[in-house]
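*Asks:* fold the following for me, if possible:
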Amino acid sequence: MTRWSGARRTPPGRTKRRIPGWLEILLLAAVALVVSIVVKTFFVQMFFVPSASMEPLFVTDDRILVQKVSYWSGDVERGDVVVFEDPGGWLEPQPELNGVQQLLSTIGLYPTGGHLVKRVVGVGGDHVVCCDAEGRVTVNDVPLEEDYLADGKRQRTFDVTVPEGRLWVMGDNRANSEDSRYHQNLPGEGSIPRDNVVGKVWAVVWPFDRLDVLDRPETYEQVLDPPG
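*Replies:* I've put the predicted structure just below:
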């Protein structure tokens, strides 16, 4: 009796075709490239911190990871630290990337310029004021206890109601941050479009001695939405 093994046998005189090694490497590289682009577009992206405006949370040249998942079904919240595209007039013209830098930027392996990182202090409809009798920023009449700031200085007083669909953003280093306070002469009176937000900063990943995962300050939990 012949036992049937279930395996297909290669006919005599024929050999199985194998993909050439060089082609296999190209296919693997193409798959890795597609995966990298998908990850950068929908999940996480690396940026570098260009200035001291967010000290002490970030210092110049820190590498930060920005995750986008939080905003798939939720909205930007007060206290979030976000990366956003320049709404126009905030940054000096950026130098062009060379070919290699552009390629690495496309797949998320080179920090992207032309963006800013700030903390969201007010969202659409909020009444944001600086300052109360104790020098604190208030949001909808609730004073913020901002123990994350570089110092207690508050340059430039302001009293704004954030338009719907826009955000009021400020740096943690208030004495050295050209944020919403300094662009009230532009469309939106200093606020930025919500649609310009790339994502929420999740962590500092470089240098290694500054590795850190961000949390939203509890003080923003006390702020209520404006009436109406």
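*Asks:* mind naming the longest strand for the chain?
*Replies:* Secondary structure of the chain read by DSSP state E shows that its longest strand is strand 197-206.
*Asks:* and for the closest residue to Val81 other than its chain neighbours, the neighbour number?
*Replies:* Spatial nearest neighbour of Val81, chain neighbours left out: Val201 (4.4 Å); criterion: Cβ to Cβ, 6 or more residues apart in numbering. To be clear about C-beta, it is placed using only N, CA and C from the backbone, and glycine gets the same treatment. Counted with other Cβ atoms under 10 Å, the neighbours of Val201 add up to 23.
*Asks:* per-residue pLDDT of Val201, please?
*Replies:* Note for Val201: predicted pLDDT of 95.
*Asks:* now it: how far from Asp141?
*Replies:* As judged by Cβ to Cβ, to the nearest Å, Val201 and Asp141 stand 28 Å apart.
*Asks:* ok, and what's touching stretch 119-127?
*Replies:* Contacts to stretch 119-127, defined as Cβ atoms under 8 Å, 6 or more residues apart in numbering, come from residues 54, 75-82, 128, 137, 139-141, 144, 159-172, 180, 191, 194, 223, 225-226, 228.
*Asks:* how far is the longest strand of the chain from where the chain is centred?
*Replies:* Counting by Cα atoms, centre = their mean, to the nearest Å, strand 197-206 is centred 4 Å from the centre of its parent chain.
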